[in-house]
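J.: got a sequence here, can you build the structure:
(2 chains)
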Amino acid sequence: MSDQKILELFKNGKRSKAFRELYKLYPKIEKLILSKGGTKADANDVFQEALIILNRNLEKTDFNLTSSFYTYLYSVSRFVWKDTQKQFSKQELYNLKPDEVSIFHSVIEEEKYQFAEKAFRELGERCQELLQRFYLKKMSFKDIAEVMQFKSEKIAKNQKYKCLQKAKDSFRTHFKTVQS
Amino acid sequence: MENNINTIDLINAYIDNTLSNEERLAFENRLEIDTELNTLYNEQLAIIEGIKRVEIGKEIQVARQHYVRGKWSKYIGISIAIILVSAIIYNIVFKAEEPQIVEPVYNNEIEVVIDSMIVKKASEEKIETKNVDEQSKIGTTLKAEEIIKLEEDKAEVKEPFEEDKTEVVEKELENIGVIEPLSPELNSFYNSVKKAPQVIEINTEKRFTVTCKEGTVLTIPAKSFVDSKTGRLARGTINLEVTEYYKLSDMLLANLSTKSDDKQLETGGMLYINANKKGKKLRLKQGKRIQVAFNNSDKKNMQLFSGEEHNDSVNWRLQDQIGNTKEIVEEDVEVSFDVIQEVPIYPGCEDGNNDMRRKCMSDKISSFVSENFDRSIAEDLRLTGLQKINMFFEIDKAGDIGKIDISASRKELGEEAIRVIESMPKLKPGKQRGHLVRTTFFLPFSIALEGKTINQAPVSVRSDRKFIKEFENRMDSTRSIQGTRPITNNDIERYAFSTSKLGWLNCDRFARTTSKKIKYKFKLKDSKGASVKMVFKSMSSILPSIKRNSDYEFGWVPKDEEVILIAIKWKGNKLYLGKKTANTKIVQDLNLNFKEVTVHELKKELETLDNGFN
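T.: Numbers count the residues shown, from 1 in each chain, chains lettered A, B, ... in the order given. This is a model prediction of the structure:
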């Protein structure tokens, strides 16, 4: 499938199908990671991260894919792997080309969201479900209260606040320890 | 808290873009001056992105599974293609081989005569009405034979061409006419007299050796069976069904014969083995083998054949030919203590026959171990109740203890067992077919201590003394095993086979006759509903026949062999037996003088033949 068609899939909300198409590029990425001393599991993680970053950037209005998906995913994967190995030297960072800088920023930005994901995963199952229903499925508190059997809309809302607060607290501590 | 919730609501509303223009501008202004709100806002954005990551991650995993599945189905597709291609190649090679086997016999002149005669005979029969009496038919066929003989003489000059022609004619003829299947009545008769299998309950958790009713010894390694459908390992107790066929009468009543495709076999016994657990069919796990020792001591050069049932009968194939290769030539051969022909001799056990020595050795080893095993080790470990220690070990070709494998509840007990076994006196090594071999020995041992028995998962302890010894042997190349040539598993397995398949097994060899072969067939009087077999007097071999165009065809058989033709017939709800001693030469018609028998009488009659068949 051509890049153009894959791009259309993303635009038309057929993300799953687009991911399936892009996964055909996986063997090449796996080769890259293996050649850099990673394992197959590492390659799998890196590729997933690259796909998430791609997806995030595609959602941004000011993002333009200037190269092919393959080139883009390859560069992102390379950066993700380097980042996890903490291999960036100052010199390297100075010498980055403009498009590499944007990729580098994406990777660093994504790190923040990784911590957010981690914080979210640390929540109880009910909290996770509640936040997902509210933020992803955009359900009203009324509907949430009904589906998740809260006594009232208000209780659901309070509960959601507590869950979010918990996630934020955990996120803050994780993120700060890394940044400092 | 109320205040905070309101702030969050505001942020949510901003993110969802549900604020009015004015409100939005106000919020954006606040974001710039109010650092606290700014942090809150950014954190919230991050958390939402984090939640999204979970969702996207799931989608990517689905894509990944799709990819992995696709990859595997590609592999499977390729392997299927390879299998198909090799099957086709096998077929081609096999078909190419067939004429080579048959060709030399075509040079036999008698053959050509007979076959051409049948051309006439077959065509005549089609034209003639059934009322024509037998006599005149023979007359015409005889005439025909003369004519053809004359023609044959004339043709001799340009022999090669003529021969080619007749060959073609014969080939075509082969395909004319329908093979008459066994009548359903006869089939159900065979089913009704089917020998009942011996059902043996075995515990699959352990190695198991059993001697069946007629002397077949089976040795089954632990955890050898898997469900034939699911492939899952069968645990606990299972049923092993074994039917042994050593006697001619048993084989005849089971409609068995000894033929591998078109080659004649001589049998040393047949087996049918089946396994099930609570009615669910089991098969042997890949890589696992059952050791089968057939009860036949005086036959040489036997090989293991597997049977496939088709066309009412069983066809035998060499096990290595159907893809189940035996372990390829290995210098060392290992034979189980339970089946070995000459058991190793423990000092003091020299007297008596093999079985007495076997028992003597078992007893001596048991008492040696129980005398020397230091029980205080178990006491020191504060163990209670019954402690089982299973000991497997090898006695090597020099009579020394080789590899040891112990399973016990504690490592310390295993180590003590190894110490005891290694301190055993030197034995005289075991022999199989006159060759020194390694013998495997299994000794279940247990010590009883005070208190409750607690079942524990056993640990396995192994001794690597053998490895060290082997290494030293290699270093010290002057030392060689005394007086024995290196022997292979193939040499030994002729008596104690190991099979990787259940179902029909046959300990056979290809019949080696130097005499000329002829295509043997005849017409039989009153043949409706009869199945005819040929039993050889000179060797234990049974050939089946197929009925085609009212002829009973046996294919190529050695000429001038004394055989007994046995026909079992089921007609009009009555059972008949026809029996005749004959010489394999060309005949046209045969009368077997069928006489009516009861099932019991039939069995008795067939059993009278058992003695001449071994």
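J.: quick check: chain neighbours aside, which residue is closest to the closest residue to chain B within chain A?
T.: Of all residues in chain A, the one sitting closest to chain B is A:Ala116 (2.7 Å; C-beta to the nearest C-beta). Every C-beta, even on glycine, is put in place using the N, C-alpha and C of the backbone. Setting aside the residues directly before and after it, A:Ala116 is nearest to B:Gly50 in space (C-beta to C-beta, 6 or more residues apart in numbering or on different chains), at 2.7 Å.
J.: which SSE is the one you found in?
T.: helix B:35-106 (DSSP states H and E).
J.: and the residue of chain A closest to chain B, what does it touch?
T.: Residues counted as contacts of A:Ala116 (C-beta atoms under 8 Å, 6 or more residues apart in numbering or on different chains) are A:Ala167, A:Phe171, B:Ala46, B:Ile47, B:Glu49, B:Gly50, B:Ile51, B:Arg53.
J.: closest one of these to A:Asp62?
T.: Proximity of these to A:Asp62 (C-beta to C-beta) peaks at B:Glu49, which lies at 17.0 Å.
J.: tell me which residue lies nearest the centroid of chain A.
T.: Geometric centre of chain A, nearest residue: A:Ile52, 4.2 Å, by C-alpha atoms, centre = their mean.
J.: and A:Lys151, how many residues sit next to it?
T.: 8 (other C-beta atoms under 10 Å in any protein chain shown).
J.: in what helix or strand does it lie?
T.: Assessed by DSSP H and E, A:Lys151 sits outside every helix and strand.
J.: state the phi and psi torsions of the most centrally placed residue in chain B.
T.: The residue lying closest to the centre of chain B (C-alpha atoms, centre = their mean) is B:Lys501, at 2.3 Å. When read as degrees, to the nearest 10, the backbone of B:Lys501 gives phi -130, psi 150.
J.: can you point out the helix or strand that includes the closest residue to it other than its chain neighbours?
T.: Leaving aside its sequence neighbours, B:Lys501 sits nearest to B:Ser306 (C-beta to C-beta, 6+ apart; 5.3 Å). Using DSSP H and E, the element containing B:Ser306 is strand B:303-310.
J.: strands paired with that strand, and their directions?
T.: Strands that pair with strand B:303-310, judged by DSSP bridges, come out as strand B:313-318 (antiparallel), strand B:503-510 (antiparallel).
J.: hmm, who's touching the shortest one?
T.: In other words, strand B:313-318. Contacts of strand B:313-318 with the rest of the structure, by C-beta under 8 Å, 6+ apart, involve B:255-261, B:265, B:303-308, B:504, B:506, B:508, B:544.
J.: same deal with the longest one?
T.: Outside of strand B:503-510, the residues that reach it under the criterion C-beta under 8 Å, 6+ apart are B:258, B:260, B:263-274, B:292, B:294, B:296, B:299-309, B:314, B:316, B:497, B:499.
J.: also stretch B:530-538?
T.: B:182, B:186, B:248, B:252, B:255, B:257, B:520, B:524, B:541-545, B:552, B:554, B:557, B:561-569, B:571, B:576, B:578, B:584, B:592, B:594, B:609, B:612-613.
J.: in strands, which of those residues appear?
T.: Among those, the residues falling in strands (DSSP state E) are B:520, B:524, B:542-544, B:552, B:554, B:557, B:562-569, B:571, B:576, B:578.
J.: and those residues, which are buried?
T.: For those, a burial check counting by 16 or more other C-beta atoms under 10 Å in any protein chain shown picks out B:520, B:524, B:542-544, B:552, B:554, B:557, B:563-569, B:571, B:576, B:578.
J.: which ones are touching B:Ala448?
T.: Shown in contact with B:Ala448 (C-beta under 8 Å, 6+ apart): B:Gly385, B:Leu386, B:Gln387.
J.: need the pLDDT of it.
T.: On pLDDT, B:Ala448 comes in at 82.
J.: so the helix ranked longest in chain A versus helix B:35-106, what angle?
T.: The longest helix of chain A (DSSP state H) is helix A:153-179. Helix A:153-179 and helix B:35-106 meet at an angle of 80 degrees, taking axes from the mean of the first three to the mean of the last three C-alpha atoms, to 10 degrees as the criterion.
J.: could you give the mean pLDDT of helix A:153-179?
T.: Helix A:153-179 comes out with an average pLDDT of 84.
J.: again, but for stretch A:88-105
T.: Mean pLDDT, stretch A:88-105: 77.
J.: straight-line length of it, end to end?
T.: The first residue of stretch A:88-105 is 13 Å away from its last residue (C-alpha to C-alpha, to the nearest Å).
J.: name the residues of it that are buried.
T.: A:Ile103, A:Phe104.
J.: if we look at it, which residues are touching it?
T.: Here stretch A:88-105 makes contact (C-beta under 8 Å, 6+ apart) with A:Thr66, A:Ser67, A:Ser75, A:Val76, A:Phe79, A:Lys82.
J.: closest to A:Asp3 out of those?
T.: Among these, A:Ser67 lies closest to A:Asp3 (C-beta to C-beta), at 9.3 Å.
J.: what sits against that closest one?
T.: Contacts for A:Ser67 (C-beta under 8 Å, 6+ apart) come out as A:Asp99.
J.: please apply the same query to B:Pro221.
T.: By C-beta under 8 Å, 6+ apart, the contact list for B:Pro221 reads B:Arg207, B:Lys288, B:Arg289, B:Ile290.
J.: count the residues that sit near the first one.
T.: Okay, so that is B:Arg207. 20.
J.: that's a helix at B:Lys281, yeah?
T.: No. Assigned with DSSP: H, G, I helix; E, B strand; the rest coil, B:Lys281 falls outside any helix and is strand.
J.: show me how far the lowest-mean-pLDDT helix or strand in chain A is from its chain's centre.
T.: In chain A, the helix or strand scored least confidently by mean pLDDT, DSSP states H and E is helix A:90-94, which has a mean of 73. Centre-to-centre, helix A:90-94 and its host chain are 25 Å apart (C-alpha atoms, centre = their mean, to the nearest Å).
J.: and chain A, what are its domains?
T.: A:1-112, A:122-180 (automatic domain parsing).
J.: hmm, back to that, got the buried residues for the longest helix of chain A?
T.: Those would be A:156-161, A:163-164, A:166-168, A:170-171, A:174-175, for helix A:153-179 by 16+ other C-beta under 10 Å.
J.: that one close to chain B?
T.: Yes. Counting by C-beta under 8 Å from any C-beta of the partner chain, chain B has neighbours in helix A:153-179: A:Lys157, A:Asn158, A:Tyr161, A:Leu164, A:Ala167, A:Lys168, A:Phe171, A:Arg172.
J.: ok, which pair from those residues is furthest apart?
T.: Across the residues of helix A:153-179 next to chain B (C-beta to C-beta), the longest gap, 22.4 Å, separates A:Lys157 and A:Arg172.
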